[in-house]
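Chemist: Got a predicted model here, sequence first, then my questions.
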Amino acid sequence: MANALDVSTDYLMNGTTADLAAENIQDKTLINQFNRISELSEDNKTVVSKLIDAFLFQQEMRQKIAN
């Protein structure tokens, strides 16, 4: 089950979303930012999510153009 969900067995037994994030994201600044974002209103979370999506899309397009 852990493999199918791409999580550790420890996470399945005791973990939290914060534990999973800390396990998969090595950049402590990003973890801190995600924790702060989680405290925002749903509308503001949507704005942040759209900004991230736009940035990632822009990066993907630059990579495709460069290749």
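Modeler: Ah, there it is.

Chemist: How about residues contacting the longest helix along the chain?
Modeler: Assignment by DSSP state H gives helix 42-66 as the longest helix of the chain. Contacting residues not belonging to helix 42-66 are listed as 37-38, 40 [C-beta atoms under 8 Å, 6 or more residues apart in numbering]. For every residue, glycine as well, the C-beta is placed using N, CA and C.

Chemist: which stretches of this protein have low pLDDT?
Modeler: Residue ranges of the chain with pLDDT under 70: 1-2, 5, 7-8, 10-24.

Chemist: any idea how far S38 is from F55?
Modeler: Distance from S38 to F55, counting by C-beta to C-beta, to the nearest Å: 19 Å.

Chemist: try N67
Modeler: Separation of N67 from F55 (C-beta to C-beta): 19 Å.

Chemist: Please say which of these two ends up with more neighbours.
Modeler: A side-by-side neighbour count of N67 and F55, using other C-beta atoms under 10 Å, places F55 first with 10 against 5.

Chemist: I'd like to know how far that one sits from N35.
Modeler: Relative to N35, and taking C-beta to C-beta, F55 is found at 20 Å.

Chemist: and if you look at K45?
Modeler: Separation of K45 from N35 (C-beta to C-beta) stands at 12 Å.
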